[in-house]
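**Student:** sequence? don't have it. structure:
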């Protein structure tokens, strides 16, 4: 979150009844208001396991269907909303330092998956035990060590269950290095040349890697990341539009407005005006699991440049669409 925001957005993690490095709580505790009127910016690492009923979670402007056994992986900085008829879910939240010393690759945890069979039973059991131990031993040093190990085991199990990862390509390493640089540098520069210089390679090399992994040029990858961050701030905060533009490196509001309209399809003002409507962006639904034991049959993993998703694509918000009872107009 930005400290200069005069009206900070509701956030996830700071209002949790448990403030230690690992916590568990109910889905309802995540909402900035009971009706999830607008998205909230996530500030902690989250796993959300649906336990009862059906509904949709809106994560970074994508609708994800949730039913018992659905697992969502939410990363800090993403925006989340679960409006409309609610499903019940258990949330596991943790600070990055909770996994220090454990060999856990968080990139191998898919954003959306429908658990089934033995995988579902094991994950439900481990999440349930984690929740019990969080409540029974909130301040015990030995219990904190136990919780860290339990979380690591849970994430390792999810990594083992994650099937269908494409084979490594020669361009993968270049692209992932580029994406990490973009994640840190997009507020300062949108020039491919700057990232090429930082990585010690040519613009052509970066563009070739991005095209191979995402089907988009290096400049498009950068611009999509900037547009995603702008969309997050417009939807989940009350920062003035001009301030958001300056924060993202635009010296003039008109330049920011033209950029956002080109990338998203509507003006910043129209996007913000539609934020109180559910699904205020492009709707993408995962494919159903290939069989009863598949955890992620369609390999659907939406998300921004903060984690590998959709083969490396950044989430590209679309024009706001009407929610229930909405008009669809900006």
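**Tutor:** Received it, and whenever you're ready, just let me know what you need. Just so we're clear, the structure is a prediction, and the values are computed from it rather than from any experiment.

**Student:** For residue 192, give me its contacts.
**Tutor:** Contacts for residue 192 (Cβ atoms under 8 Å, 6 or more residues apart in numbering) come out as 203, 206, 207, 218, 219, 222. All C-beta spots, glycine's among them, are computed from the backbone N, C-alpha and C.

**Student:** Tell me which residues touch residue 182, please.
**Tutor:** Contact analysis of residue 182 by Cβ under 8 Å, 6+ apart lists 195, 221, 222, 225, 305.

**Student:** Can you get me a residue count around the nearest residue to residue 115 once chain neighbours are set aside?
**Tutor:** Excluding the flanking residues, the one nearest residue 115 by Cβ to Cβ, 6 or more residues apart in numbering is residue 69, at 4.5 Å. Close neighbours of residue 69, defined as other Cβ atoms under 10 Å, add up to 19.

**Student:** Residue 127 versus residue 69, what's the distance?
**Tutor:** Distance check for residue 69 against residue 127: by Cβ to Cβ, to the nearest Å, it reads 11 Å.

**Student:** In stretch 61-72, which residues are buried?
**Tutor:** The neighbour-count check on stretch 61-72 (16 or more other Cβ atoms under 10 Å) flags 61, 62, 63, 64, 65, 66, 68, 69, 70, 71, 72 as buried.

**Student:** Make JSON lines from those and add secondary structure and pLDDT to it.
**Tutor:** Shown next, in JSON lines, are the buried residues of stretch 61-72 (DSSP: H, G, I helix; E, B strand; the rest coil; pLDDT from 0 to 100):
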{"residue": "61", "secondary structure": "coil", "pLDDT": "91"}
{"residue": "62", "secondary structure": "strand", "pLDDT": "91"}
{"residue": "63", "secondary structure": "strand", "pLDDT": "90"}
{"residue": "64", "secondary structure": "strand", "pLDDT": "93"}
{"residue": "65", "secondary structure": "strand", "pLDDT": "93"}
{"residue": "66", "secondary structure": "strand", "pLDDT": "93"}
{"residue": "68", "secondary structure": "coil", "pLDDT": "94"}
{"residue": "69", "secondary structure": "coil", "pLDDT": "93"}
{"residue": "70", "secondary structure": "strand", "pLDDT": "94"}
{"residue": "71", "secondary structure": "strand", "pLDDT": "94"}
{"residue": "72", "secondary structure": "strand", "pLDDT": "95"}
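
**Student:** can I get those residues in CSV with distance to residue 54?
**Tutor:** Shown next, in CSV, are those (distance: Cβ to Cβ, whole Å):
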residue, distance to residue 54
61, 21
62, 17
63, 13
64, 12
65, 7
66, 7
68, 8
69, 11
70, 9
71, 15
72, 14
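
**Student:** where are the low-confidence patches of this structure?
**Tutor:** Low-confidence segments of the chain, defined by pLDDT under 70: 1-20, 84-85, 138, 162-167, 277-330.

**Student:** List the buried residues of stretch 256-274.
**Tutor:** Within stretch 256-274, judged by 16+ other Cβ under 10 Å, the buried ones are 256-257, 259-261, 263-268, 270-274.

**Student:** I misspoke; the intended subject was stretch 24-41.
**Tutor:** 24, 25, 27, 30, 31, 32, 36, 37, 38, 39, 40, 41.

**Student:** The residue nearest to residue 115 and residue 39: what is the separation?
**Tutor:** Here the distance between residue 69 and residue 39 works out to 24 Å (Cβ to Cβ).

**Student:** Tell me which residues touch the residue nearest to residue 115, please.
**Tutor:** Counting by Cβ under 8 Å, 6+ apart, residue 69 touches 50, 114, 115, 116, 120, 124.
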